[in-house]
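Enquirer: Could you look at this predicted model? Sequence included:
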Amino acid sequence: MLNKSAQLVSNYSPIKYHHFCLNNTDLFCFRDDFYLCICSENHSRAECFRYNSKHDQCSHCLAGGRCLKGDQVKSTDFICLCPPCHSGTHCQFNSNSFAFTLDQLFFIDLISINRKAIVRLLIILPLVLFLLALPNNLFSIVTFRRQNCLRNGIGQYLLYMSIINQFNLGFLAARLIHLTINITELHSDSSLDNYLCKIFSFLLTSSSRIVYWLASLIAIERVYMTLFLNGRWLRKPHIARRLIAFTVVVVLISSDIHELIFIKSLFGINDGKGAMCIFEFPVIHRSTWLLFHLIISVINTMRPLFINICCTILISCILIKKKTKIRTTKTCTY
């Protein structure tokens, strides 16, 4: 609609805009800071009207989307022109997989006709999973708290993994129940919902990533035990506790702390009602923060997996090499 060259002539009198239409046959309309002009069908003249663009502007859109206001009286009458990879009435949906939230995943289902069944499922299923995992994790905690298990680093890792796993399921249940209540308008308290969005999302993400890294530490110690059968340094309990503390500090503080800042509760997403938790990075440095979030997510998700795969392959190669060496020795002896 707007031609960049048209905005450079804001000091012109509207009368001179007739020539602008004559010289630009592809132009349909243009504006400056004071006038909105429409070219006639034969581009012989321009019809100009006094126009204040601030009357049509609003600030309801996220992710740097452009907000256009309709009825000046109704605060809910607006439309958002969203940037690429964003959608929704407020541009709240982000198709970037690393900025994807659970609210975005279940939003459509929770406002559909079958939302009652979805609500029951999202409340009952995580509670059932939490209760089913409770005895298993409790038995694991009781087992790995024994002194014989705690003498090795792996026993330390498995003990803390059992504890964190149970908390992780609790955070998942709390997060799903909270988003269900939020989106379906069963409860609404803006300040409380904002804090719960930040806390539950942060704890769920952090606890999951800590478990990933503890699993990779177990894999590393297994490689160490395979290479050095009598080695004790990496298997010492105090070394394991230091690595656990380091992992928790690094994951919680240096990698996930930004989620406490940029996750917030957005209200009015369902016909002016309801709320959902979203990622909202500053518009000025948005690309930088998105890149940072992407790098942190990839490191905390893919690197533990890569470590586990490499350790498994390395252990297999070491065992194959040792068995081959034993067979060769036996053959030479005979």
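Expert: Great, that's in hand. Just so it is clear, the model here is predicted, and its values are computed rather than measured.
Enquirer: The nearest residue to Asn148 once chain neighbours are set aside: neighbour count?
Expert: Leaving aside its sequence neighbours, Asn148 sits nearest to Gly155 (CB to CB, 6 or more residues apart in numbering; 7.8 Å). (Glycine included, C-beta is placed from N, CA and C.) As a burial measure, Gly155 scores 20 neighbours (other CB atoms under 10 Å).
Enquirer: and stretch 268-284, how far from the chain's centre?
Expert: 14 Å (CA atoms, centre = their mean, to the nearest Å).
Enquirer: Now that stretch: buried residues?
Expert: By 16 or more other CB atoms under 10 Å, the buried positions in stretch 268-284 come out as 269-270, 274-281.
Enquirer: Residues contacting that stretch, please?
Expert: Stretch 268-284 is contacted by residues 62-64, 76, 88-90, 92, 94, 99, 101-104, 107, 111, 179, 182-185, 188, 190, 193, 197, 201, 262-267, 289-290, 293 when judged by CB atoms under 8 Å, 6 or more residues apart in numbering.
Enquirer: What of stretch 59-76?
Expert: By CB under 8 Å, 6+ apart, the surrounding residues in contact with stretch 59-76 are 55-58, 77-83, 86, 90-92, 94, 266, 268, 272, 278, 280-281, 283, 286.
Enquirer: Of all the residues in it, which ones are buried?
Expert: By neighbour count with 16+ other CB under 10 Å, stretch 59-76 contains the buried residues 60-63, 65, 67, 69.
Enquirer: Contact partners for Asn300?
Expert: Contacts for Asn300 (CB under 8 Å, 6+ apart) come out as 209, 212-213, 251, 255.
Enquirer: How is the protein divided into domains?
Expert: Per automatic domain parsing, the structural domains of the chain span 4-51, 54-91, 98-333.
Enquirer: State the distance from Val283 to Cys91.
Expert: Taking CB to CB, to the nearest Å as the measure, Val283 falls 11 Å from Cys91.
Enquirer: Would you map the strands across the chain?
Expert: 29-31, 35-39, 46-50, 66-69, 78-81, 86-87, 93-94, 263-270, 273-279 (DSSP state E).
Enquirer: just checking, Cys311 touches Met225?
Expert: No - taking contacts as CB atoms under 8 Å, Cys311 lies outside contact range of Met225: 11.1 Å.
Enquirer: thinking again about what came up before, just the buried residues of the contacts of stretch 268-284.
Expert: 62-63, 88-90, 92, 94, 99, 101-104, 107, 179, 182-184, 193, 197, 201, 263-267, 289-290, 293.
Enquirer: Out of those, list just those in helices.
Expert: Of those, the ones assigned to helices by DSSP state H are 102-104, 107, 179, 182-183, 193, 197, 201, 289-290, 293.
Enquirer: Tabulate the residues you listed (a markdown table), appending distance to Leu22 and pLDDT.
Expert: Formatted as a markdown table, these follow (distance: CB to CB, whole Å; pLDDT from 0 to 100):
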| residue | distance to Leu22 | pLDDT |
| --- | --- | --- |
| Leu102 | 57 | 84 |
| Asp103 | 53 | 83 |
| Gln104 | 50 | 83 |
| Phe107 | 51 | 82 |
| Leu179 | 58 | 87 |
| Asn182 | 56 | 82 |
| Ile183 | 55 | 81 |
| Asp193 | 57 | 85 |
| Cys197 | 56 | 89 |
| Ser201 | 58 | 90 |
| Trp289 | 47 | 85 |
| Leu290 | 45 | 84 |
| His293 | 51 | 85 |
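Enquirer: how about those residues in CSV, adding distance to Tyr51?
Expert: Output for those, formatted as CSV (distance: CB to CB, whole Å):
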residue, distance to Tyr51
Leu102, 43
Asp103, 38
Gln104, 37
Phe107, 37
Leu179, 42
Asn182, 40
Ile183, 39
Asp193, 39
Cys197, 40
Ser201, 43
Trp289, 36
Leu290, 35
His293, 40
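Enquirer: Out of the residues you listed, which two sit at the greatest distance?
Expert: Farthest pair in those (CB to CB) is Ile183 and Trp289. Separation: 25.5 Å.
Enquirer: The residue nearest to Cys311 when sequence neighbours are not counted - how many residues pack around it?
Expert: Among residues not flanking Cys311 along the chain, Ala219 sits closest, at 3.7 Å (CB to CB, 6+ apart). Using other CB under 10 Å, Ala219 has 21 neighbouring residues.
Enquirer: which residues touch Ala219?
Expert: The neighbours of Ala219, taking CB under 8 Å, 6+ apart as the test, are 307-308, 311-312.
Enquirer: now Leu319
Expert: Neighbouring residues of Leu319 by CB under 8 Å, 6+ apart: Thr226.
Enquirer: so how far is Arg222 from it?
Expert: When distance is defined by CB to CB, Leu319 is 11 Å away from Arg222.
Enquirer: show me where pLDDT drops low in the protein?
Expert: Along the chain, the model assigns pLDDT under 70 to residues 1-15, 52-57, 75, 97-99, 186-188, 270-272, 330-334.
Enquirer: please redo it, this time with the cut-off set to 90
Expert: Residues of the chain that meet the criterion pLDDT under 90 lie in 1-123, 144-155, 177-198, 205-206, 221-301, 318-334.
Enquirer: mind listing the helices in it by residue range?
Expert: 17-23, 102-110, 115-144, 147-150, 153-183, 190-227, 237-249, 257-262, 286-333.
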